[in-house]
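Q: Give me the fold of what follows.
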Amino acid sequence: MKTSVEKLVAGGRDVDEITGSRRQRRMRKADWSRRLVQENRLTVDDLIWPVFIIDGENRREDIPAMPGVQRMTVDLLVREAERAAKLGIPAIATFPNVDLSLRDETGSAVLDPDNLINRATRALKAEVPEIGVITDVALDPFTSHGHDGILRDGIIVNDETVEQIAAAAVYQAAAGADIIAPSDMMDGRIGAIRDALDANGFSDVAIMSYATKFASAFYGPYREAIGTQGLLKGDKKTYYIDPANTEEALRETEQDIAEGADMVMVKPGLPYLDIVWRLKDTFQLPTFAYQVSGEYSMIRAAAANGWIDGERAMMESLLAFKRAGCDGILTYFAPEVAERLQG
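A: Sure, this is the predicted structure:
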């Protein structure tokens, strides 16, 4: 008498005793059938493009730690924004690298209505009004010590920082920012920003909270990009979330939503897909993730060495965010992905 395996090899019906009458591979056999049953899709509408800006005109600077990414002056940013808009990218998030002479212990230049962020916003809204502009009010690009807040006697002071970033948010809104996205992780910042915006006639300006920003090892290339890597004194563990903590991330998010956040973000991205899923499942609010510089650079470096297929890894990594529940992704790959999706 033949065993079940022997019958299976011989084409007998005992295959159904092992797998049942349903075969999962039936819908995987052709490209058209795989597309027909695909559960999650990445589209250009999911993309937010983070960009780095510098002072001057007609100037670009390569960022060694982020191959393919450049800092650019505002005039060139406008041209790139025009290209992004034509590709269908909905929004750009701007991050400045300001001259060291403009940085101090309190990050006071963030309160300059004509600082680099605000000049870039005005130029973008004047020349490419159809693209959304997302700005950050964290102080790290403006401080001489590289921290996201005001440093007093070796301590990042919460309330004084919140007061300053709320004022900076008003200047950014006045320049034309569509979304304020505070990444500083100070307690109470969302409520203070919402109150300041509303009190100054900017009730239509939305807030994207970096609700769960972790004390991660994946930020190094970004710090090179904005010029804080050599400045940072100590670490940011007293105000970023411990990577080991899930429930704390949910409490942070709940607090930010209660204070008026319109959407929430998880940062970094791929190492924290479980947090993305928990936030979306728990709060049902527009949820985003930031595929941070370290994630980007790892894919680029592995691809450059021939260890992975860079294009496939890029697309697969972004699809993972959609599968986890993201409504959108901040990614340095945005223009490349948009071109691929168009093609």
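Q: can you give me the helices for the stretch 101-250 of the chain?
A: Assigned by DSSP state H, counting those that start in this stretch, the stretch 101-250 of the chain shows helices spanning 116-127, 158-175, 189-199, 220-226, 247-259.
Q: can I get those helices in TSV with mean pLDDT and mean neighbour count?
A: No exception for glycine: its C-beta is placed from N, CA and C like everyone else's. As requested, the helices of the stretch 101-250 of the chain are exported to TSV (pLDDT from 0 to 100; neighbours: other CB atoms under 10 Å):
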stretch	mean pLDDT	mean neighbour count
helix 116-127	98	21
helix 158-175	98	22
helix 189-199	98	21
helix 220-226	94	21
helix 247-259	98	17
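Q: And stretch 109-118, what's buried?
A: Buried positions in stretch 109-118, judged by neighbour count with 16 or more other CB atoms under 10 Å: 109-110, 112, 115-118.
Q: between the helices of the stretch 101-250 of the chain, which gets nearest to Leu100?
A: helix 220-226 (11.9 Å; CB to CB).
Q: what packs against that closest one?
A: strand 91-96, helix 293-304 (3 or more CB pairs under 8 Å, 6 or more residues apart in numbering; DSSP states H and E).
Q: deepest of the ones you listed, which one?
A: strand 91-96 (a mean of 23; mean count of other CB atoms under 10 Å).
Q: on contacts alone, who are the packing partners of that strand?
A: Judged by 3+ CB pairs under 8 Å, 6+ apart, the packing partners of strand 91-96 are strand 47-54, helix 74-87, helix 116-127, strand 132-135, helix 220-226.
Q: if you set the cut-off to 10 Å instead, what comes out?
A: Applying 3 or more CB pairs under 10 Å, 6 or more residues apart in numbering; DSSP states H and E, we find strand 91-96 packed against strand 47-54, helix 74-87, helix 116-127, strand 132-135, helix 220-226, strand 328-331, helix 334-342.
Q: so which of the ones you listed comes closest to Asn40?
A: Nearest of the helices and strands packed on strand 91-96 (CB to CB): strand 328-331, 12.4 Å.
Q: Now that closest one: average pLDDT?
A: In this model, strand 328-331 has an average pLDDT of 98.
Q: name the helices or strands packed onto that strand?
A: strand 47-54, strand 91-96, strand 263-267, strand 287-291, helix 310-324.
Q: switch to 7 Å and redo it
A: strand 47-54, strand 287-291, helix 310-324 (3 or more CB pairs under 7 Å, 6 or more residues apart in numbering; DSSP states H and E).
Q: Most tightly packed of these?
A: Buried most deeply of the helices and strands packed on strand 328-331, by mean count of other CB under 10 Å, is strand 287-291, with a mean of 27.
Q: Relative to the whole chain's centre, how far out is it?
A: 5 Å (CA atoms, centre = their mean, to the nearest Å).
Q: Now do it against helix 247-259, angle only.
A: 130 degrees (axes from the mean of the first three to the mean of the last three CA atoms, to 10 degrees).
Q: Can you classify the nearest residue to Leu36 once chain neighbours are set aside as helix, strand or coil?
A: Leaving out its chain neighbours, the residue that sits closest to Leu36 by CB to CB, 6 or more residues apart in numbering is Met27, at 7.3 Å. Classification of Met27 by DSSP: H, G, I helix; E, B strand; the rest coil places it in helix.
Q: Mind splitting this protein into its structural domains?
A: 1-38, 45-342 (automatic domain parsing).
Q: least reliable of these going by mean pLDDT?
A: The weakest mean pLDDT among those belongs to domain 1-38, with a mean of 70.
Q: Wait, Arg278 touches Arg251, no?
A: No. Using CB atoms under 7 Å, Arg278 is not in contact with Arg251; the gap is 11.5 Å.
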